[in-house]
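[1] Need coordinates for the below:
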Amino acid sequence: MTKIHPTAIVAAGAEIADDAEIGPYCILGDQVKLGPRCQLRSHVVIEGVTEIGADCVVYPFVSLGAAPQHAAHRGEATRLVLGERNLIREHVTMHSGTVLGGGVTRVGSDGLFYVGCHVAHDCVVGDHVILTNSAALGGHVVIEDFAILGGLSAVAQHLRIGRYAFVGGCAGVHHDVIPFGNVWGNPAHMKGLNLIGMKRHGFSRDEVNTLRAAYRLLFADEGTFQERVEDAAQTYADSPGVMGVIEFIRAEEGRPIIMPARDL
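    Have a look, this model is predicted:
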């Protein structure tokens, strides 16, 4: 049976799983869907067309599904969709999408969203992503699986952060970050690969060494960047990790990516 605290306000149209828990002073709108075994600790506001998957835990003073911070938004019924097993800590905000951006903000599963972080309209956040305290995503940002953003970092609109990338605390991200990239500073610059992250996720020594060799080739001094991308693609065609980096770069050719400091 659903546990709803007597001080909570749950609209009649909300769809609440039978085993969800809604704590004191929470407010849920009539187009909210709350999945099995979700826990809303207290003072959580969920509005708009918002769907939350199973086993999510939401801490006090979180706002989910509010209207996007976008000057062209005119109250359209855009959405926020969250996956399963997300931990959302105090004062996190996640906004619904915009009509211009496709209408949906999407957050994957198994994410950790720490105090005060923000996911803006039309973002697409993958699985196993960590946003630490006060990290902020501008609109239309894509964060791929297993990426980590440090505290107080900020990602500008329409950018991409690749799989297993690490963004250091207080970094200002102004261009795309390649998969496995490790960026720091404001403006952010490439410091190398996220070796600690790869080790923690069980990458073999051979896989890490191959990625490091490919990184040195990609950011060498000789030739143009496009020539070095083609060289890396031919040299490391048998490496799924390297080819993932190449595909990320090729997916939207012409977009700037963050480079090592010497190239800024």
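[2] so what are the domain limits for the chain?
    Listed domain ranges for the chain are 3-143, 199-263 (source: automatic domain parsing).
[3] Of all the residues in the longest helix seen in the chain, which ones are buried?
    Looking across the chain with DSSP state H, the single longest helix is helix 205-218. Of the residues in helix 205-218, those with enough neighbours to count as buried (16 or more other C-beta atoms under 10 Å) are 208, 210-211, 214-215, 217-218. Heads up, the C-betas are built off the backbone N, CA and C, glycines and all.
[4] would JSON lines of the domains of the chain with mean pLDDT be doable?
    Conversion of the domains of the chain to JSON lines gives the following (pLDDT from 0 to 100):
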{"stretch": "domain 3-143", "mean pLDDT": "98"}
{"stretch": "domain 199-263", "mean pLDDT": "95"}
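[5] Tabulate the ones you listed (TSV), appending distance to Tyr164.
    Shown next, in TSV, are the domains of the chain (distance: least, C-beta to C-beta, whole Å):
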stretch	distance to Tyr164
domain 3-143	10
domain 199-263	7
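[6] Of those domains, flag the one that's most buried.
    domain 3-143 (a mean of 20; mean count of other C-beta atoms under 10 Å).
[7] distance between the ends of that one?
    Start and end residues of domain 3-143 are separated by 34 Å (C-alpha to C-alpha, to the nearest Å).
[8] ok, the nearest residue to Cys123 once chain neighbours are set aside - contacts?
    On the basis of C-beta to C-beta, 6 or more residues apart in numbering, the spatially nearest residue to Cys123 that is not a chain neighbour turns out to be Val141, at 4.8 Å. If a contact means C-beta atoms under 8 Å, 6 or more residues apart in numbering, then Val141 has 120, 123-124, 155-161 as its contacts.
[9] Repeat that for Val119.
    Val119 is in contact with 92-95, 105, 107, 113, 125, 131, 137, counting by C-beta under 8 Å, 6+ apart.
[10] just to revisit the earlier point, quick one: the longest helix of the chain to chain centroid distance?
    Its chain's C-alpha centre and that of helix 205-218 lie 25 Å apart, by C-alpha atoms, centre = their mean, to the nearest Å.
[11] Likewise for stretch 157-176?
    Relative to the mean C-alpha coordinate of its chain, stretch 157-176 is positioned 10 Å out (C-alpha atoms, centre = their mean).
[12] Can we start the residue count at 275 from this point?
    Yes, from this point I'll number from 275; that puts the last item at stretch 431-450.
[13] What residues sit buried inside it?
    Of the residues in stretch 431-450, those with enough neighbours to count as buried (16+ other C-beta under 10 Å) are 433-442, 444-445, 447, 449-450.
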